[in-house]
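Student: Show me the folded form of this:
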Amino acid sequence: MTTDTLPHADTRIMRIVHNALRRDLARAIQVLGAAPAPTSAQRVALADHLAWMMHFLHLHHSGEDDALWPLVRQLNPAAGALLDVMDADHARIGPEIERVTAAAIEYRADSAARQDLLHSLTILEHVLLSHLQREEDEMMPVVARTLTGRQWDEVEQRVFIASKTKRELGTEAHWIVDGVDREDYDVAVRKVGPVTRFILLHTFARPYRRACAARWGAHLDVSPRLHRPPRTEGSVELWIDAPARQLYDAVADVTRIDERSPECRRCAWLPGRSPGSVGARFRGHNRAHHLRWSRLCEVTVADPGRTFEFHTVSERRNPLYHDSTTWTYTFRADGDRTRVTHSYRIDRLPYRPLLALYSRLLPQHRDMRPQMRQNLEALRTQAHAGTTLPRTA
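Tutor: Predicted coordinates:
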């Protein structure tokens, strides 16, 4: 098996960690700028947390500089210019981390230093947030294309996990999953084995809540959002080293969807409009565990090389299929590469009693993005293996 066909790095944890940094920078700026000023106990708790967070950020950047970026540079010399930008960003951010750390220590001892800390945080936020966004939008897609899943996991475990104590990991774990949704929660907690995960989640939950109450106030809910209503829309995207038209043709040939979909086992075009054209209908046959069902679908957009879209048809005479969802693929070419975006939008929800039943029987349908990402990753594997050409009749 070649590197091109091995599973690529899943870098979602970087976005999750970045969001934790964004979240607590915003919280700290809000608390420091609000009236009345923090009490003595809150001041100490807030200053200690900011000093901890600056230490975490420093270690995070050091891990990238010492382990991740050199590996990417070695395996993908073409990424050198972008890696130089990352290095320059870190060089600019480093002094601001030190200023915030010094200001937090001063504020811990003297409440009069509040404005100096607020000013330092504002400057850090300005330089850091643009870097985090650039890293997510530009660097992480390169990392995902360059490293295999195994290479990414090795760096992550060696640099960011194995080097830390259980107490350090427990503090970080609850800080990272503070307020996240189910998908991000699952990504984060599965970075360690089940025994370690149980210890971290159950031993350090109460201390984390107490610490948050001390620095932010007892009113703030810092629990992960694990029981939210089903998502009614979402999207995932992936860069694929293949022409847009080739990928479009593979997707528009719905008879091959079983090669990519975790649930759809078979699709067949129905008599009527030309297959793949607007108005053409097909029936998809699905299976998840012991459940089987089929849906009538209709193509709504067919713009070769750009957009392919269809929806499940709401069937008035069958209450089981009252719902309707629109599924869209868009293709944006960039040389020989294409950014493929796969999105969905629930236009009509199932009837309320059925919605509750479906949520229990098909919990993965509460958020379709993980399965949609599997779909795009399978499409990328097909493209790299040269198997995306439509079937001939």
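Student: just for the stretch 1-150 of the chain, where's the confidence low?
Tutor: Under the criterion pLDDT under 70, the flagged ranges of the stretch 1-150 of the chain are 1-6.
Student: which stretches of it form strands?
Tutor: Along the stretch 1-150 of the chain, counting by DSSP state E, counting those that start in this stretch, no stretch forms strands.
Student: hey, where'd the helices end up in it?
Tutor: For the stretch 1-150 of the chain, applying DSSP state H, counting those that start in this stretch gives helices covering 12-33, 40-63, 69-75, 80-109, 114-134, 140-146, 149-155.
Student: and T171, which of the ones you listed is closest to it?
Tutor: helix 40-63 (7.7 Å; CB to CB). Every residue, glycine included, has its C-beta placed from N, CA and C.
Student: Flag every buried residue along the closest one.
Tutor: 42-54, 56-58, 60-61, 63 (16 or more other CB atoms under 10 Å).
Student: for stretch 26-45, same thing?
Tutor: If you call a residue buried by 16+ other CB under 10 Å, then stretch 26-45 has these buried ones: R27, A28, I29, V31, L32, P38, Q42, R43, V44, A45.
Student: roughly how far is stretch 272-285 from the heart of the chain?
Tutor: Centroid separation between stretch 272-285 and its chain, computed with CA atoms, centre = their mean, to the nearest Å, is 33 Å.
Student: Quick check: end-to-end length of it?
Tutor: Terminal residues of stretch 272-285 are spaced 19 Å apart (CA to CA, to the nearest Å).
Student: List of residues touching that stretch?
Tutor: Residues outside stretch 272-285 that contact it (CB atoms under 8 Å, 6 or more residues apart in numbering) are 252-254, 257, 264-270, 292-302, 310, 313.
Student: tell me the mean pLDDT for it?
Tutor: Mean pLDDT, stretch 272-285: 96.
Student: same check, this time on stretch 300-317
Tutor: Stretch 300-317 shows a mean pLDDT of 95.
Student: ditto for stretch 205-213
Tutor: Rounded mean pLDDT across stretch 205-213 is 96.
Student: one step back: between the helices of the stretch 1-150 of the chain, which one is closest to R345.
Tutor: helix 12-33 (22.0 Å).
Student: Report all helices and strands that that closest one contacts.
Tutor: Under the contact definition 3 or more CB pairs under 8 Å, 6 or more residues apart in numbering; DSSP states H and E, helix 12-33 sits against helix 40-63, helix 114-134, helix 166-176, helix 182-189, helix 205-216.
Student: any idea of the angle the first one forms with helix 166-176?
Tutor: Just to be clear, that refers to helix 40-63. Orientation of helix 40-63 against helix 166-176 (axes from the mean of the first three to the mean of the last three CA atoms, to 10 degrees) gives an angle of 100 degrees.
Student: before we move on, back to that, ok, which of the helices and strands packed on helix 12-33 comes nearest L247?
Tutor: helix 182-189 (24.6 Å).
Student: and whichever helix or strand comes after the closest one, how far from the chain's centre?
Tutor: Going down the chain from helix 182-189, the next helix or strand is helix 194-203, by DSSP states H and E. How far helix 194-203 lies from its chain's middle: 23 Å, per CA atoms, centre = their mean.
Student: ok, and for helix 194-203, which residues are buried?
Tutor: Under the neighbour-count criterion of 16+ other CB under 10 Å, helix 194-203 has T196, R197, L200 buried.
Student: Please report how far the last one lies from W152.
Tutor: Here L200 is placed at a distance of 21 Å from W152 (CB to CB, to the nearest Å).
Student: Same list (the helices of the stretch 1-150 of the chain) but as a markdown table, adding distance to F204.
Tutor: Below are the helices of the stretch 1-150 of the chain laid out as a markdown table (distance: least, CB to CB, whole Å):
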| stretch | distance to F204 |
| --- | --- |
| helix 12-33 | 15 |
| helix 40-63 | 14 |
| helix 69-75 | 31 |
| helix 80-109 | 22 |
| helix 114-134 | 25 |
| helix 140-146 | 28 |
| helix 149-155 | 23 |
